[in-house]
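> Return atomic coordinates for the entry below.
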Amino acid sequence: KCIQCNQCSYICPHATIRPFLLTDEEKAKAPDTFETIKAIGKGFKDYHYRIQVSPLDCTGCMNCADICPAPGKALVMKPAAEQIEREAENWEYAMTVTPKEDAVDRYTLKGSQFVRPLLEFNGACPGCGETPYVRLLTQLFGERMLIANATGCSSIWGGSYPSFPYTTNAEGRGPAWANSLFENNAEYGYGMYLGFKQIREKIAQLVREALEMQLPADVFTAFTEWLDAFNDGDRSRYASDKVVQVLKAYPELNNHQVISEILKRKDFLVKPSIWSIGGDGWAYDIGYNGVDHVLASGDDINLLVLDTEVYSNTGGQSSKSTQTAAIAKFAAAGKKIRKKDLGLMAISYGYVYVAQIAMGANMKQTIKALVEAERYKGPSLVIAYSTCVNHGLKYGMGKSLEQQKRAVEAGYWHLYRYNPDLKAQGKNPFILDSKEPKGNFREFLESEIRYSSLMNVFPEIAEEMFTVAEQHARERYQTYLRLAQG
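Numbers count the residues shown, from 1 in each chain. Here you go, the predicted structure:
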């Protein structure tokens, strides 16, 4: 029944379900229970396809089975004990299958999932809405990522002793991760950017000096290509590898000080993908001054906000991201004021790439926004709606991604991209990706305990506050609609 869409892998919070492409030889060596089907799609005719679960790492959140779009469902939940016995060996074999990353376009929904996730088996809650975004980032840019992680949920599931869920690919490359204080994470990431920038500019100076020397033709070509790809993340990866390889072929060149100085800095040849990552408590509240400072710099750094609309890690306190009428600590009678529009504030600069995304609502828009943000030669801010146990989903966290879809359909959350590069093309930089809300806003609020409990505790004000919350959501949509219409 599988239609090979890879959506189950795309949304998995713990990277425990993955697609694999096998050659005829790899299929022949597989265990008898390692069933495959013929791979479909452009460039896949020589491969066999399998979806494999890591039975010892799966948390059983059920989001993959829930999201599966195949008629009659290609994924169903089964008892863990029987699956561990059946699939443990299959998972171990799948880990020996050679990566087929060059056979696919990693910047598509399906193609991204054939790239090994470099965030796996983290300690987040089952059904976590934060982890799928960061895991996807590692599949898109992981080999050259630097992550500055604000203290909060994402630093707890991302780096709790003694385990560490970030890993490396077959070449030994993966994200460099560090955790800063809660309040200075944007500046912390900016420091990484400035350090790398200075070192790479020094390398460029040395390469230009080297080009004035008498060099073998292939070394000259490699240096020229590296300079040409200096600010292009993907091309700089290949150009950097080529520089190192050709210099290995001429060990006598190491006697030249310029070449020696270049090789000392070889770890900095590739253009890094630098991301400051944290929650809304960091970006909207305690660390906002740093967020604003970094965005105002105009420099090429990316910020990802995992927006749960509450201080998730410290016990569920209200933040400036918390919506009107939501119950949280410090807002026990429902928050009285509206949610801060962080994206709109960043858009006012005019030169910051800004996007609001929700993976469960629009998977293609999510990956498109992340790729555009990373490629933009300036600051970017991506705000990702992240369902959380603090929301009290009445459908359960097994419907975590589905709840994101309901949020957008009801007009509670809106999807958009503001790309300053479009202005140079004479186009409107603001693109509203979500359609006019058709869902029932009140029903959406009542599907989460953070709102529905207001009717039980303060029934005399609940109706009025829900009406105000819906009015605020409608006003936000109208504002975005005006921007989209130019």
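> Can you tell me how far residue 470 is from residue 439?
11 Å (CB to CB, to the nearest Å). C-betas here are computed from N, CA, C, even on glycine.
> between the two, who's got more neighbours?
Using other CB atoms under 10 Å, the more surrounded residue of residue 470 and residue 439 is residue 470, with 21 against 15.
> give me the element the more buried one is part of.
According to DSSP states H and E, residue 470 maps onto helix 459-484.
> Report the distance from stretch 242-258 to the chain centre.
With CA atoms, centre = their mean, to the nearest Å as the basis, stretch 242-258 stands 37 Å off its chain's centre.
> I misspoke; the intended subject was stretch 304-318.
Centroid separation between stretch 304-318 and its chain, computed with CA atoms, centre = their mean, is 17 Å.
> all strands of the protein, in order?
17-22, 37-38, 48-53, 145-149, 176-179, 273-279, 302-307, 353-357, 380-385, 416-418, 430-432 (DSSP state E).
> Tell me which of the ones you listed approaches residue 266 most closely.
Distance to residue 266, taken as CB to CB, is lowest for strand 176-179 among the strands of the chain, at 15.2 Å.
> Of all the residues in that closest one, which ones are buried?
177, 179 (16 or more other CB atoms under 10 Å).
> Surely residue 351 and residue 298 touch.
Yes - contact criterion CB atoms under 8 Å: residue 351 and residue 298 qualify, at 6.0 Å.
> ok, the two, which is more surrounded?
residue 351 (16 against 13).
> Give me the distance between that one and residue 381.
Taken as CB to CB, the span from residue 351 to residue 381 is 12 Å.
> Spit out the contact partners of the nearest residue in space to residue 98 that is not next to it in sequence.
Among residues not flanking residue 98 along the chain, residue 26 sits closest, at 7.3 Å (CB to CB, 6 or more residues apart in numbering). Counting by CB atoms under 8 Å, 6 or more residues apart in numbering, residue 26 touches 48, 97, 98.
> Mind giving me the PyMOL select for these, buried ones only?
To isolate the buried ones among these in PyMOL, judged by 16+ other CB under 10 Å, type:
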select buried, resi 48+97
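> So which of the contacts of residue 26 is the closest to residue 449?
The closest of the contacts of residue 26 to residue 449 turns out to be residue 97 (CB to CB; 42.9 Å).
> ok, now how distant is that closest one from residue 399?
Distance, residue 97 to residue 399, using CB to CB: 32 Å.
> Kindly report the same for residue 460.
From residue 460 across to residue 399, the span is 31 Å (CB to CB).
> Tell me which of those two has more neighbours.
residue 399 (22 against 6).
> for the helix holding residue 470, packing partners?
Applying 3 or more CB pairs under 8 Å, 6 or more residues apart in numbering; DSSP states H and E, one finds that helix 459-484 contacts strand 416-418, strand 430-432, helix 441-446, helix 449-457.
> helices or strands up against the third one?
Looking back up the chat, that one is helix 441-446. Helix 441-446 packs on helix 449-457, helix 459-484, going by 3+ CB pairs under 8 Å, 6+ apart.
> can you list the strands of the chain in TSV and add mean pLDDT and distance to residue 113?
Shown next, in TSV, are these (pLDDT from 0 to 100; distance: least, CB to CB, whole Å):
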stretch	mean pLDDT	distance to residue 113
strand 17-22	97	5
strand 37-38	96	16
strand 48-53	97	10
strand 145-149	98	18
strand 176-179	96	22
strand 273-279	98	19
strand 302-307	98	19
strand 353-357	98	17
strand 380-385	98	18
strand 416-418	98	22
strand 430-432	98	25
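> Nearest to residue 81, out of those?
Shortest distance between residue 81 and the strands of the chain, using CB to CB, is found for strand 48-53: 14.0 Å.
> Near residue 482, how many other residues are there?
Residues near residue 482, counting by other CB under 10 Å, number 11.
> Contact partners for it?
Taking CB under 8 Å, 6+ apart as the test, residue 482 contacts no residue whatsoever.
> so how far is residue 220 from the spatially most distant residue from the centre of the chain?
Most distant from the centre of the chain: residue 214, at 44.8 Å, with distances by CA atoms, centre = their mean. Per CB to CB, residue 214 is found 9 Å from residue 220.
> same thing with residue 440?
66 Å.
> next one: residue 426
Distance, residue 426 to residue 220, by CB to CB: 40 Å.
> Same list (the helices and strands packed on helix 441-446) but as JSON lines, adding distance to residue 186 and mean pLDDT.
Shown next, in JSON lines, are those (distance: least, CB to CB, whole Å; pLDDT from 0 to 100):
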{"stretch": "helix 449-457", "distance to residue 186": "27", "mean pLDDT": "96"}
{"stretch": "helix 459-484", "distance to residue 186": "24", "mean pLDDT": "97"}
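> Distance of the nearest residue to residue 226 once chain neighbours are set aside relative to residue 232?
In space, and not counting its chain neighbours, residue 226 is closest to residue 239: 4.3 Å by CB to CB, 6+ apart. Distance, residue 239 to residue 232, by CB to CB: 8 Å.
> neighbour-wise, which of those two wins?
Between residue 239 and residue 232, counting by other CB under 10 Å, residue 239 is the more crowded of the two (22 against 14).
> pretty sure that one contacts residue 229?
Yes - using CB under 8 Å, residue 239 is in contact with residue 229, at 4.3 Å.
> pLDDT at residue 42, what is it?
Note for residue 42: predicted pLDDT of 86.
> my bad, residue 103
Looking at residue 103, its pLDDT reads 80.
> these two touch, right, it and residue 45?
No - under the criterion of CB under 8 Å, residue 103 is not in contact with residue 45, lying 10.7 Å apart.
> The two - which one has more neighbours?
Neighbour comparison, residue 103 and residue 45: the larger count goes to residue 103, with 14 against 9 (by other CB under 10 Å).
> which ones are touching the residue lying closest to residue 245 once chain neighbours are set aside?
Excluding its sequence neighbours, the residue lying closest to residue 245 (CB to CB, 6+ apart) is residue 222, at 8.0 Å. By CB under 8 Å, 6+ apart, the residues touching residue 222 are 239, 242, 243, 245, 246, 247.
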